[in-house]
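Enquirer: Please find the sequence and the predicted model below.
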Amino acid sequence: MTDFEPVLLANIQNPESHTLRAYEATGGYATLRHVLQDWSPEQVVDEVKASALRGRGGAGFPCGLKWSFIPKGNPGPVYLCVNADESEPGTFSNRVLMEQDPHQVLEGTILAGYATGASVAYIYLRYEYPQCLKRLQAAMDACYEAGLLGQDILGSRYSLDIIIHRGAAAYICGEETGLIESLEGKRAWPRIKPPFPAVEGLFHQPTVVNNVETLACVRHICERGAGWFRSMGTPPDPDIPHDIGSLGPKLYCLSGHIERPGCYEAPLGIPCRELIDGYGGGVWHGRRAKAVVPGGISTGLLSADELDCPLDFESPIRYGCLGLGTAAVVVMDETASMIDFLHNSCRFFSHESCGQCTPCREGTAWSLAILNRIKAGHGRIKDLDLLLEIGDSIGIIPGTTICGLADGAAWPIKNAIRKFRGEFEEYIKKTNPGGWDVQEPVPALTFVGSH
Amino acid sequence: MPTIYINGEAIKIASGERLNGIEAARRAGVEIPHYCWHPGLSVVASCRMCLVEVGTRNPRTGEVIMHPKLVPACQTPATDGTVFITNSEKVRAARARVEENLLINHPVDCPICDKAGECLLQDYHFQHGQESRRADIRPFHSRRRPLGETVMLFVDRCISCTRCVRFCREITGSNELMLTDRGSIQEIDVFPGYPLENNLAGNVVDLCPVGALADLKFLYQQRVWFMKSHQGVCTGCATGCSIFIDQNQDRIYRIRPRENMSVNTWWICDAGRYGWDYVHSKERLLEPRQLDADTQTHVPVDWAPLLNRLDNSLREAAKSGHLAAVLSPHCTVEEAYLAAGYVRSIDPGARIVLGPVPKVGVDQKFPNGFVIRAEKCPNRRGIEEIAAYFMRRDYPFEALLEEIGSDTITGAWVTGGYPEDWIDEPTAQLFSPLRLLVVQDLFDSPLMRRAHYQIPAAAFAERDGSYVNANHRLQYATWAIRPPAGVQVEGRLFWRLAGRAGLYQARTILREMAAEVPYFSAAKAEIPDSGIDLVH
């Protein structure tokens, strides 16, 4: 970690880092000038492709590949959506970028717009980020004044307008097609795919949806080159087909029972333990870690003896987790109750399930009901198997839902019960000494409300 | 020709045909359960009941590569070489889970639910559900609230398939319905102050696969298994929608749309759906009456002597002038043809004329192409063609009125059957010079009061015969209920007056007409349920 030089967070210590002056003083917008003058949009796409940049929003889809899906010569407009609806529990890296260094995000956005041929970019901003709104708006105003946005940017004949759209505080709007529906003024129900947004997205036009951090990376790739970006991270695993590796710097959000929580920049693939001990100052009060969420609550759990897991896009999968997600590492010490953790997780996903697909809508609510009952002292051992069945059967991985929210709801259930089953059983036996072993099906219904 | 494989069975479909998994499987006789998918609405693939396994078959090697995930059949196009597996253990388990999920918050109040008996949730539970309940959640209630004048929402029975929401967006374009809240507590609702109020609103009740949306007119009136459905044709306007008339013991309880891609697709308008009250009206004329010359009042007569008396009176009137038959656009073509033929057999110069055609407002067109027509009768075209066939010239109703005035017409048989007032006092006055006026109608009218013979008419649900709609489509309707005692259905009466043996057979008449009247020649063939086009 000593020889790693942060780039995304390089300037955030400067109290003026959010101003155009401070940004330009550290070389800001020089890359944009250079690219708009000397590069064709295809060159930008090729450079990003060469860098093997993967989307930082959670799914880790190769960014350059996504851009190249935009059909050439589309008669209508192409849209760029900046996904700033950062709502994964434990995640706050986009917030740091937008609050402390908004110009970095805007420069990346303009570069991405140039590469994809977009004439309008929407920043879909999480409702709960008023400071980001203020800073982004101020940064945009400065850009318009300086000719960095609007018509004919820097005399390049490329024009881009950015519109900030404030969300209404729904987790599902972070799903790219949910975001698009919401932008269109509809209920944020994720769309069935295909067609993918790159072919038919916002207002039926080709659309690229990129995360804030992805775009910040684009700026640095254009400045320093794909080679620099590829110099850090985990190289492709030859055993995984089509793997392009996990390369470049990554913002890790460290929170929970830890000495120094915060947003840290590190090369992708840093082992979980190194992140916690090296950056976060270790588990607080000298305690030991019991479980760690590797990348936002939907990615599941690493147990204490799995902390060697490198935090790149592929490794958490080998440890039974969903993936890297948003790289929000939440540490729970030995006093934390896994029952509470799972209850909280189920409550969140039940509340945020958009209600479209039956397995997710009812499955998340049902799992919460079961957890509520367990917490109320009426749990049964067979409930754990039922929870596992719900967890195993919802999501796009088994194919029972349209979007990945249900997978995010399933992984905490699966990981918590499979990795900490002893604790659950012990809790149920202790809190429900008379009924933990009940096997009979639920008795027939006795009560129907009258009309 | 593309080949689809359903559970191993090869099905050929026409090239260029766009089918999804559900439609393709149906061709093979395999029913894939589904809630949210409806052929008339957009695909949302959200209920996940139609999950199947899908693969592709390599046409050269015959090797099948299966997709590792379950996919919704409604969203999966059936193209050449697509393999659908609908009966594997994986599919069975997924269906059972969806069914279980849908029942978690469902009140299971089937004994007091209108939909019981025709509810997909019930049917699928028996076919695909689990034996015992694993969810011990039981805060059951059955909240309800009206969404408009005609539709009641039973909130907790809803399975959020959003068919009704999509209907109001895509078919009527009126957007009244929506979902409020999110996740498992979301509910169908209307926007405050904007109730479900459009002329197709009743269709959401038919669309609802469960008992969440109930028709307030039908609510608690009848259990569906007591009713019999009959294929009918709506007589409310010149569109002539295909309908089911649901009746029990000669009482109509409900009218539902019948799928007919050539006429009404899957919908009917509320006017047609609810406009049958007059059939059971207490005001209906239920016995034939004759004008008593001495007292100038109408006295009831028996049917048995009446037929001869009518025949004699018509022949008598024909001696001093011509006869006329006024054929209402509510008659079936068979009835009109029989009546016209009968009157012509007495007086070869008898005038055959189309009765008044009621018009209200202008045609109402919906975004999907559905039209509610201003012409509020089912058979103007059919009757027009019959009149034209007999008259060989243009002879409107007004021409008849003129001729009555100039005393060339001495006797007239006027058929009515209109559900609403159709003739005013001044017009009825013009019939006064007639020596013989036979009026056959449902209700009292200024003309009825002037009749020498008052003959009770049958309502649409009691008639057997064909109607020709505004687009020259001939559809055959079977009778759904028997007429009230004392009423002879037009077809039967004319059949007997014409001296034909046996029972009235609308099909026989239609075949005769098809051979004789060129316009109806296409009706020579068997008439399918969806009807036939007379003009191409």
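Expert: It's in. Numbering: from 1, shown residues only, chains lettered A, B, ... in the order given.
Enquirer: Quick check: which ranges of the chain have low pLDDT?
Expert: Here I'm looking at chain A. Confidence mapping of chain A against pLDDT under 70 gives the ranges A:1-2, A:441-451.
Enquirer: that's the other chain; I wanted chain B
Expert: Along chain B, the model assigns pLDDT under 70 to residues B:138-140.
Enquirer: Could you list the domains of it?
Expert: Listed domain ranges for chain B are B:3-87, B:97-280, B:289-498 (source: automatic domain parsing).
Enquirer: Now render those domains as TSV, adding distance to A:Arg373.
Expert: Quick note: C-beta positions are derived from backbone N, CA and C, even for glycine. Shown next, in TSV, are these (distance: least, Cβ to Cβ, whole Å):
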stretch	distance to A:Arg373
domain B:3-87	25
domain B:97-280	8
domain B:289-498	47
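Enquirer: Now render those as TSV, adding mean neighbour count and distance to chain A.
Expert: Converted to TSV, those look like this (neighbours: other Cβ atoms under 10 Å in any protein chain shown; distance: least, Cβ to the nearest Cβ, whole Å):
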stretch	mean neighbour count	distance to chain A
domain B:3-87	18	3
domain B:97-280	19	3
domain B:289-498	20	17
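Enquirer: Between those domains, which one is closest to A:Gly282.
Expert: Of all these, domain B:97-280 sits nearest to A:Gly282, with 38.3 Å by Cβ to Cβ.
Enquirer: Okay, A:Gly422 and chain B: tell me how far apart.
Expert: Per Cβ to the nearest Cβ, to the nearest Å, A:Gly422 is found 24 Å from chain B.
Enquirer: now stretch B:224-235: how far from the chain's centre is it?
Expert: On the basis of Cα atoms, centre = their mean, to the nearest Å, stretch B:224-235 sits 9 Å off its chain's mean C-alpha point.
Enquirer: Ends of stretch A:298-306, what's the gap?
Expert: Start and end residues of stretch A:298-306 are separated by 17 Å (Cα to Cα, to the nearest Å).
Enquirer: Could you list the buried residues of that stretch?
Expert: A:Ser298, A:Thr299, A:Gly300, A:Leu301, A:Leu302, A:Ser303, A:Ala304, A:Glu306 (16 or more other Cβ atoms under 10 Å in any protein chain shown).
Enquirer: which residues of the stretch 151-300 of chain B fall in strands?
Expert: Using DSSP state E, counting those that start in this stretch, the strands assigned to the stretch 151-300 of chain B run over residues B:151-154, B:177-180, B:187-190, B:213-215, B:228-233, B:242-248, B:251-257, B:289-291, B:298-300.
Enquirer: re the thing from before, which one of the buried residues of stretch A:298-306 is nearest chain B?
Expert: Of all those, chain B sits closest to A:Ser298, with 15.7 Å by Cβ to the nearest Cβ.
Enquirer: and the residue of the stretch 151-300 of chain A found nearest chain B, how many neighbours does it have?
Expert: Here the stretch 151-300 of chain A gets closest to chain B at one residue, A:Ile192, 4.9 Å apart by Cβ to the nearest Cβ. A:Ile192: 17 surrounding residues under other Cβ atoms under 10 Å in any protein chain shown.
Enquirer: So it sits against B:Val43, correct?
Expert: Yes. A:Ile192 is in contact with B:Val43 according to Cβ atoms under 8 Å; the separation is 7.0 Å.
Enquirer: Between these two, which contacts overlap?
Expert: B:Gln75 (Cβ atoms under 8 Å, 6 or more residues apart in numbering or on different chains).
Enquirer: thinking again about what came up before, out of the domains of chain B, nearest to A:Gln104?
Expert: Ranking the domains of chain B by proximity to A:Gln104 (Cβ to Cβ) places domain B:97-280 first, at 34.0 Å.
Enquirer: Let me see the contact set for B:Gly148.
Expert: Counting by Cβ under 8 Å, 6+ apart, B:Gly148 touches B:Glu176, B:Val190, B:Pro195, B:Leu196, B:Glu197, B:Ala201.
Enquirer: 7 Å instead?
Expert: Going by Cβ atoms under 7 Å, 6 or more residues apart in numbering or on different chains, B:Gly148 touches B:Pro195, B:Leu196, B:Glu197, B:Ala201.
Enquirer: gap between it and B:Ile245?
Expert: Distance check for B:Gly148 against B:Ile245: by Cβ to Cβ, to the nearest Å, it reads 24 Å.
Enquirer: A:Trp67 now?
Expert: In terms of Cβ to Cβ, A:Trp67 sits 59 Å off from B:Ile245.
Enquirer: one step back: dump the residue contacts of the residue of the stretch 151-300 of chain A closest to chain B.
Expert: Residues near A:Ile192 by Cβ under 7 Å, 6+ apart: A:Ile402, B:Ala45, B:Gln75.
Enquirer: I'd like those as CSV, with secondary structure and distance to B:Ala325 appended.
Expert: Shown next, in CSV, are the contacts of A:Ile192 (DSSP: H, G, I helix; E, B strand; the rest coil; distance: Cβ to Cβ, whole Å):
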residue, secondary structure, distance to B:Ala325
A:Ile402, coil, 63
B:Ala45, coil, 57
B:Gln75, helix, 57
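Enquirer: Distance to B:Met66 for these - can I get that in CSV?
Expert: Below are the contacts of A:Ile192 laid out as CSV (distance: Cβ to Cβ, whole Å):
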residue, distance to B:Met66
A:Ile402, 21
B:Ala45, 19
B:Gln75, 17
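Enquirer: Phi first, then psi, for A:Cys253.
Expert: A:Cys253 adopts backbone torsions of phi -100, psi 110, taken as degrees, to the nearest 10.
Enquirer: what do you get for A:Val82?
Expert: According to degrees, to the nearest 10, A:Val82 has phi -100, psi 120.
Enquirer: Between which two of the buried residues of stretch A:298-306 is the distance greatest?
Expert: A:Ser298 and A:Ala304 (20.7 Å).
Enquirer: I'd like to know how many residues surround the closest residue to A:Phe229 other than its chain neighbours.
Expert: Closest residue in space to A:Phe229, ignoring its immediate chain neighbours: A:Ser51 at 4.0 Å, by Cβ to Cβ, 6 or more residues apart in numbering or on different chains. The burial count assigned to A:Ser51 is 26, neighbours taken as other Cβ under 10 Å.
Enquirer: Make sure A:Ser51 is actually in contact with A:Arg230.
Expert: Yes. A:Ser51 lies in contact with A:Arg230 (Cβ atoms under 7 Å); the separation is 6.3 Å.
Enquirer: Just list the residues touching the residue most central in space within chain B, thanks.
Expert: Taking Cα atoms, centre = their mean as the criterion, B:Ile243 is the residue nearest the geometric centre of chain B, at 2.0 Å. The contact partners of B:Ile243, by Cβ under 7 Å, 6+ apart, come to B:Gly232, B:Val233, B:Cys234, B:Ile255, B:Arg256, B:Pro257, B:Arg258, B:Ile268, B:Gly272.
Enquirer: how's chain A carved up into domains?
Expert: Split by automatic domain parsing, chain A gives A:20-231, A:246-333, A:338-431.
Enquirer: so can I have TSV of the ones you listed showing distance to B:Asp302?
Expert: Output for the domains of chain A, formatted as TSV (distance: least, Cβ to Cβ, whole Å):
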stretch	distance to B:Asp302
domain A:20-231	67
domain A:246-333	83
domain A:338-431	64
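Enquirer: Minimum distance to B:Pro378: which of those domains has it?
Expert: Judging the domains of chain A by Cβ to Cβ, what sits closest to B:Pro378 is domain A:20-231, at 40.4 Å.
Enquirer: before we move on, which element is B:Gly382 in?
Expert: helix B:380-391 (DSSP states H and E).
Enquirer: what packs against that helix?
Expert: Contact analysis of helix B:380-391 by 3 or more Cβ pairs under 7 Å, 6 or more residues apart in numbering or on different chains; DSSP states H and E lists strand B:322-327, helix B:333-346, strand B:351-354, strand B:465-468 as its packing neighbours.
Enquirer: Heading C-terminal from it, find the next helix or strand.
Expert: Where DSSP H and E defines the elements, the next helix or strand beyond helix B:380-391 is helix B:397-405.
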